[in-house]
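Peer 1: A structural model of the following input is requested.
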Amino acid sequence: MNISIDGNIIDYTLEKEENAYDIIEAISLWLKKSYIIIKSVIIDEKEYNYDDKILLSELSIDSINKIDIFTLTLREYKFRQLLILQEYFGKLTSLIDSNNKEEALKFLKAYDDIKPDMEEVIDKIYKPEHQGFIEAIGSKKELTDSDCANLKFFIESILFVISERKREIINPEIEIEKEKKFFDAFLPEIEIISVLLQTGKESEAFEKIIKFVDFAKKLARLLSYYNMGLGKIEPEEISKYNNLLGDFRDALGRGDSVLIGDILEYELSPVIEQFFNAMLSEKQQEK
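Peer 2: A predicted model of the protein is given here:
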């Protein structure tokens with residue numbers, strides 16, 4: 001059996017794999033370490049959905065002559081998702097702007113096709129309070145002027161975030177520098193969050209916490225893009241960062257103001273500072 005990745009035959013040693021799914025799953029896990037994902041799979045000249053466990057499990061190793069795997073980098077995959085969303089919502093905007101309510105309502109029925117991409121890459125806008133918004137409007141018999149206005153506002157927010165996400169993928173170096181400046185300016189605010197919570201100023205504290213959460217999510221995305229070609233942050237360090245974010249969420253859930261402040265100021269902030277030092281010092285060395 002021959003296995004190729006993007007046209008290149010690889011030397012693959014079978015271990016416990018019994019069928020096509022086992023092989024593809026093992027290769028997928030190996031590729032993900034390099035921020036590469038499987039786009040499509042062709043087995044003996046027939047294309048399969050690479051994550052169709054039921055169908056691929058029916059193909060025993062003995063029955064397979066050749067497996068051709070085609071891939072995308074994670075950056076390419078994320079960018080493709082953003083383009084799909086941009087095209088969909090751009091078309092929907094055009095229909096609304098031309099007051100073509102009937103066609104816009106029909107177009108809303110196709111939302112389920114792009115919903116997985118929406119939920120995966122537009123986390124800043126696609127929050128719990130927004131879930132079901134488009135589906136609810138799409139289920140109506142006809143659109144009102146108010147529906148169209150609400151849709152337009154929602155779409156403009158989404159298109160703005162898409163534009164931001166595209167910049168992160170295209171120029172992660174520039175975005176890293178911008179986030180470093182934001183972080184340096186925001187540090188004094190991080191240091192007083194615990195005090196604000198303990199003195200009854202929850203509203204002011206949570207405004208700052210929301211800012212930090214948005215920043216932390218963007219930094220996580222930039223770390224992954226940085227590791228895809230610009231440099232290397234060790235996986236253990238990223239895992240530590242993600243664990244600290246989990247501890248921070250737990251402290252928020254318990255309303256533990258002291259722990260919230262301690263994690264932000266004494267644990268997360270130093271780790272974030274180390275990330276920026278590593279990423280920006282490497283850029284300085286390149287100059």
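Peer 1: quick check: the gap between Ile203 and Leu197.
Peer 2: If you look again at residue 203, you'll see it is Ser, not Ile. With distances taken as CB to CB, to the nearest Å, Ser203 is found 10 Å from Leu197. To be clear about C-beta, it is placed using only N, CA and C from the backbone, and glycine gets the same treatment.
Peer 1: show me which of these two is the more surrounded one.
Peer 2: Leu197 (21 against 8; other CB atoms under 10 Å).
Peer 1: quick one, what contacts that one?
Peer 2: Leu197 is in contact with 205, 257, 260-261, counting by CB atoms under 8 Å, 6 or more residues apart in numbering.
Peer 1: then Asp44?
Peer 2: By CB under 8 Å, 6+ apart, the contact set of Asp44 is 64-66.
Peer 1: dump the residue contacts of the residue most central in space within the chain.
Peer 2: Nearest to the geometric centre of the chain sits Val121, at 4.4 Å (CA atoms, centre = their mean). Contacts for Val121 (CB under 8 Å, 6+ apart) come out as 78, 81-82, 85, 165.
Peer 1: cutoff 7 Å now
Peer 2: Residues near Val121 by CB atoms under 7 Å, 6 or more residues apart in numbering: 78, 81-82, 165.
Peer 1: which residue ranges form the strands in the stretch 1-150 of the chain?
Peer 2: 2-5, 8-9, 36-43, 46-48, 66-73 (DSSP state E, counting those that start in this stretch).
Peer 1: turn those into TSV, including distance to Asn99, mean pLDDT and mean neighbour count.
Peer 2: Shown next, in TSV, are the strands of the stretch 1-150 of the chain (distance: least, CB to CB, whole Å; pLDDT from 0 to 100; neighbours: other CB atoms under 10 Å):
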stretch	distance to Asn99	mean pLDDT	mean neighbour count
strand 2-5	50	94	15
strand 8-9	53	94	10
strand 36-43	39	93	17
strand 46-48	42	94	12
strand 66-73	38	94	18
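Peer 1: of all these, which one comes closest to Glu15?
Peer 2: Shortest distance between Glu15 and the strands of the stretch 1-150 of the chain, using CB to CB, is found for strand 2-5: 13.7 Å.
Peer 1: list the helices and strands the helix or strand where Leu280 lies packs on?
Peer 2: Element membership for Leu280 (DSSP states H and E) is helix 269-286. Counting contacts by 3 or more CB pairs under 7 Å, 6 or more residues apart in numbering; DSSP states H and E, helix 269-286 is packed against helix 172-198, helix 235-254.
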